[in-house]
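Asker: have a look at this fold, sequence not included:
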């Protein structure tokens with residue numbers, strides 16, 4: 001939930017990165033962070049990355065699990081705010097209950113989707129359910145374009161999305177956009193693609209790509225290979241616009257996510273759970289959340305009160321003393 005960057009590639013991983021470059025790809029490697037506190041579930045955060053901030057409008061990606069719930073407290077994220085983005089929750093295993101300040105509740109399970117449009121501001125909480133024995137999935141964010149960031153908040157919870165056979169032993173579940181004849185009904189505010197790929201061990205599929213999109217394949221398990229480049233769990237193989245296809249294969253039963261989108265041209269400031277145009281905008285959102293949090297339930301005009309959740313809302317971290325500068329889809333080099 002913070003804006004920390006991914007770690008620098010270590011020596012053994014550098015060889016994989018160089019192999020990716022030879023294949024015309026970038027290998028984006030994750031860093032492990034705790035979700036909800038030091039005792040909470042660890043996640044692998046791959047976006048934002050050291051040099052690649054967005055893939056299309058996808059600006060944040062946390063892969064988690066498979067985590068046995070007997071060994072961990074699971075997902076335990078009390079009420080917290082968001083502005084200027086959409087959140088997408090997709091599960092391979094387990095269940096997560098969403099509650100928000102607009103009044104929506106929905107439990108997402110494998111094959112379904114939770115999508116929350118924060119707009120001008122919303123608060124929500126997320127908890128893994130008591131019956132979940134294993135938790136495995138991904139949480140994604142997309143940045144809203146500037147003219148949509150002030151819209152009213154909303155939530156959609158789906159129990160199923162369209163599925164399509166992509167090759168022998170390979171199935172795609174389309175949760176946003178259109179792919180291989182299947183199309184999601186979910187609304188997005190920029191051209192996007194999101195497809196879960198389930199691969200039987202030993203299978204492979206040619207993934208046809210839109211030339212005007214940039215794409216990434218996010219591995220949610222071990223055993224995923226993209227154009228003969230091994231992609232570690234939690235990592236992304238990135239393909240720039242103009243690529244016609246990728247060959248994805250699996251050495252064992254595997255799950256990956258194909259992400260895509262039209263390159264996002266705007267620059268933004270992203271701090272904690274706030275997205276804005278500049279430092280002052282996220283500073284104002286952060287200060288307003290803290291005023292409302294400290295004032296109690298009777299004074300929360302912007303972010304509101306999460307329905308049926310008595311947990312203490314999370315405090316926002318302090319902004320750094322230095323001015324946060326807007327950034328675009330990739331880090332400026334040189």
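Answerer: Thanks, I have it. Please read all numbers here as calculations on a predicted model, not as lab measurements.

Asker: and the residue lying closest to residue 72 once chain neighbours are set aside, bridged to which residues?
Answerer: Spatially, and ignoring its direct neighbours in sequence, residue 72 is nearest to residue 41 (5.3 Å; CB to CB, 6 or more residues apart in numbering). All C-beta spots, glycine's among them, are computed from the backbone N, C-alpha and C. Taking DSSP bridges as the rule, residue 41 bridges to residue 35.

Asker: same deal with residue 155?
Answerer: Under DSSP bridges, the beta-bridge partners of residue 155 are residue 116.

Asker: got the contact list for it?
Answerer: 98, 100, 102, 104, 106, 114-117, 124 (CB atoms under 8 Å, 6 or more residues apart in numbering).

Asker: of all those residues, which comes closest to residue 280?
Answerer: residue 117 (23.2 Å; CB to CB).

Asker: that closest one against residue 150, yeah?
Answerer: No. Residue 117 lies out of contact with residue 150 (CB atoms under 8 Å); the separation is 11.8 Å.

Asker: among those two, which residue is more densely surrounded?
Answerer: residue 117 (22 against 12; other CB atoms under 10 Å).

Asker: and the strand or helix carrying residue 87, average pLDDT?
Answerer: Per DSSP states H and E, residue 87 falls inside strand 85-93. When pLDDT is averaged along strand 85-93, the result is 98.

Asker: and stretch 133-143, by the same measure?
Answerer: 97.

Asker: how about it: buried residues?
Answerer: Going by neighbour count (16 or more other CB atoms under 10 Å), the buried part of stretch 133-143 is 135-143.

Asker: and for stretch 247-257?
Answerer: Those would be 248-250, 254-257, for stretch 247-257 by 16+ other CB under 10 Å.

Asker: how about stretch 21-29?
Answerer: 23, 25-29.

Asker: quick one: residues in contact with that stretch.
Answerer: Taking contacts as CB under 8 Å, 6+ apart, the residues outside stretch 21-29 that touch it are 6-7, 9, 13, 16-17, 19-20, 46-47, 49, 51-52, 216, 226-229, 231-232, 234-240, 243.

Asker: what's the end-to-end length of that stretch?
Answerer: 14 Å (CA to CA, to the nearest Å).

Asker: again, but for stretch 23-34
Answerer: End to end - CA to CA - stretch 23-34 spans 33 Å.

Asker: quick one: average pLDDT of that stretch?
Answerer: Here the average pLDDT along stretch 23-34 is 91.

Asker: kindly report the same for stretch 217-224.
Answerer: For stretch 217-224, the mean confidence score works out to 98.

Asker: and it, what's buried?
Answerer: 217-221, 223-224.

Asker: check stretch 152-171 too.
Answerer: Applying 16+ other CB under 10 Å to stretch 152-171 flags 153-155, 157-158, 161-162, 166-167, 169-171 as buried.
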